[in-house]
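J.: sequence? don't have it. structure:
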Ligand code: IFM
């Protein structure tokens, strides 16, 4: 990493959002996030067994260019260098995930000491650099054996998850205060079990709804176990990827589509978590399709156990229409049309529309409808077609503008009454972006994959400067 060269090129970048961002308090938490499978590599070292992502990456056509997480950013072997980078950028909190099949091969039974030792070293390294560790227990890498036994649509997976959570807590709980149970259960359920574009690649709507309930149950069981095991203050959270669901027009069909999108995108998670019930309209829509949420006695009390923080991830939003391109309101199976419509704004490299105003609206709505728990934005960021110069430095003005406008949106939501206490940029490093492989780069630090060289981009220096300014340093 050549910080000096990059500093000269990118230091003290100001944006039109600075005055707004400067209204954040000096106590605001500034973090960055990654996940195990996206950066670690070392997929068959020290006793790790395959996860559903190792398997899915072998499905022809599933991942762009046939990429896999086998090597990724080789973080498993370069961890101290990556922690040093976080320190140099002045970031106060690092959110990382634990690989379930690394610490509990096969997803049941005793802990794998060699696998847990990696997270032990990482945690110690962070603390020695004065960086707060923030652990995510599940960021999508389900042990393959548990998928073979039915995966998240199978109730037993929730109990396996609680056992695994307790096992990780037993090792790291003496040093880690911040624990997130699940990252983005919507993605696991809808992209993994309904749309089939992420692991395990199933296409079964009913299985996806069962997965939603068992993910939430797993979260609740893990919260119970960690709360019971905690001998020091603990901050327990779940992270949801949320957005707005505004109707494309004021027509009845579009308003109904918006209601359905909000139901399956937001309320099916937050109502059980915060109100101990599933939304009646969602239950009715599912019943009309012959689907029942598999709730057992006591499940909703478990799922709604108090949490200390709500993690929210936001990237983009789209409007909702109940009418297809041909003017039809029902598909060939007689199901109502649900079509996402672009606003017509600039897009990121992944094709996601850049819509910071909706970020502010979403946070304001969550604060209003689900009050009583502080929010931390546990992911936000963007992929752009970075163009490195001959030294590897990327002058990513587009990413700086994206990050600045979204942090300014947090200020707007806070000033409208929502208690947002922190922001984590996704991601520290360019990494394995799931089905997009390595093509889409989200990092504030560039990774040159053939050499594994890390070079902070302009956005990394902008982030460092912003943190320092808001802290009053
Ligand atoms: O890379 C992902 C991450 O794993 C989960 N949230 C969204 C990011 C960007 O797609």
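T.: Okay, I see it. As the structure is a prediction and not an experimental result, all values here were calculated from the model. Numbering: from 1, shown residues only.
J.: Could you check the lengthiest helix in the chain and say which residues are buried?
T.: Identified as the longest helix of the chain according to DSSP state H is helix 205-229. Neighbour-count burial for helix 205-229, counted by 16 or more other CB atoms under 10 Å, picks out 205-226. Where you see a C-beta, it was placed from the backbone N, CA and C, and this is true even at glycine.
J.: Stretch 98-109 too?
T.: 98, 99, 100, 101, 102, 103, 104, 105, 106, 107.
J.: Which residues are in contact with the residue lying closest to residue 373 once chain neighbours are set aside?
T.: Using CB to CB, 6 or more residues apart in numbering and skipping residues adjacent in sequence, the residue nearest residue 373 is residue 310, 5.0 Å away. Contacts for residue 310 were tallied using CB atoms under 8 Å, 6 or more residues apart in numbering; they are 237, 238, 240, 366, 370, 373, 374, 375, 376.
J.: Helix or strand next in line after the helix or strand harbouring residue 310, which one?
T.: Take DSSP states H and E as the rule and residue 310 turns out to sit in strand 309-313. Per DSSP H and E, the first helix or strand lying C-terminal to strand 309-313 is strand 319-321.
J.: strands paired with whatever helix or strand comes next after that next one, and their directions?
T.: The C-terminal neighbour of strand 319-321 among helices and strands, as given by DSSP H and E, is strand 339-341. Neighbouring strands of strand 339-341 in its sheet, by DSSP bridges, are strand 319-321 (antiparallel).
J.: how far does the partner strand sit from the chain's center?
T.: 23 Å (CA atoms, centre = their mean, to the nearest Å).
J.: Could you do stretch 76-89 as well?
T.: 21 Å.
J.: And the contacts of that stretch?
T.: Against stretch 76-89 from outside (CB under 8 Å, 6+ apart): 1, 3, 32, 39-42, 45, 73, 75, 94, 118, 121-122, 125-126, 129-131, 428-429, 444-445, 452, 454, 456, 460-461, 463-464, 467.
J.: Low-confidence stretches in the chain?
T.: 1-11 (pLDDT under 70).
J.: ranges for the strands of it?
T.: 29-33, 93-97, 132-138, 178-183, 235-241, 309-313, 319-321, 339-341, 375-380, 420-426, 445-448, 453-456 (DSSP state E).
J.: So in that sheet, which strands flank the first one, and in what orientation?
T.: The strands that strand 29-33 pairs with in its sheet are strand 93-97 (parallel), strand 420-426 (parallel) (by DSSP bridges).
J.: Return the angle between stretch directions for the longest one and strand 178-183.
T.: Right, the one you point to is strand 420-426. 60 degrees (axes from the mean of the first three to the mean of the last three CA atoms, to 10 degrees).
J.: Which residues does strand 420-426 contact?
T.: 28-33, 93, 95, 134, 309, 313, 363, 367, 374-381, 403, 407, 410, 413-414, 442, 444, 459, 463.
J.: Could you report the separation of residue 108 from the ligand?
T.: The gap separating residue 108 from the ligand is 25 Å, by CB to the nearest ligand atom, to the nearest Å.
J.: Can you tell me which residue of the stretch 51-200 of the chain sits closest to the ligand?
T.: Closest approach of the stretch 51-200 of the chain to the ligand (CB to the nearest ligand atom) occurs at residue 184, with a separation of 5.6 Å.
J.: Residue numbers of the stretch 351-473 of the chain in contact with the ligand?
T.: 379, 426, 433, 442 (CB under 6 Å from any ligand atom).
J.: Out of the residues you listed, give me the two with the largest separation.
T.: 379 and 433 (12.6 Å; CB to CB).
J.: dump the residue contacts of the residue in the stretch 1-150 of the chain that the ligand sits nearest to.
T.: With CB to the nearest ligand atom as the measure, residue 35 is the residue of the stretch 1-150 of the chain nearest to the ligand, at 5.0 Å. Listed by CB under 8 Å, 6+ apart, the contact set of residue 35 reads 96, 97, 136, 139, 140, 183.
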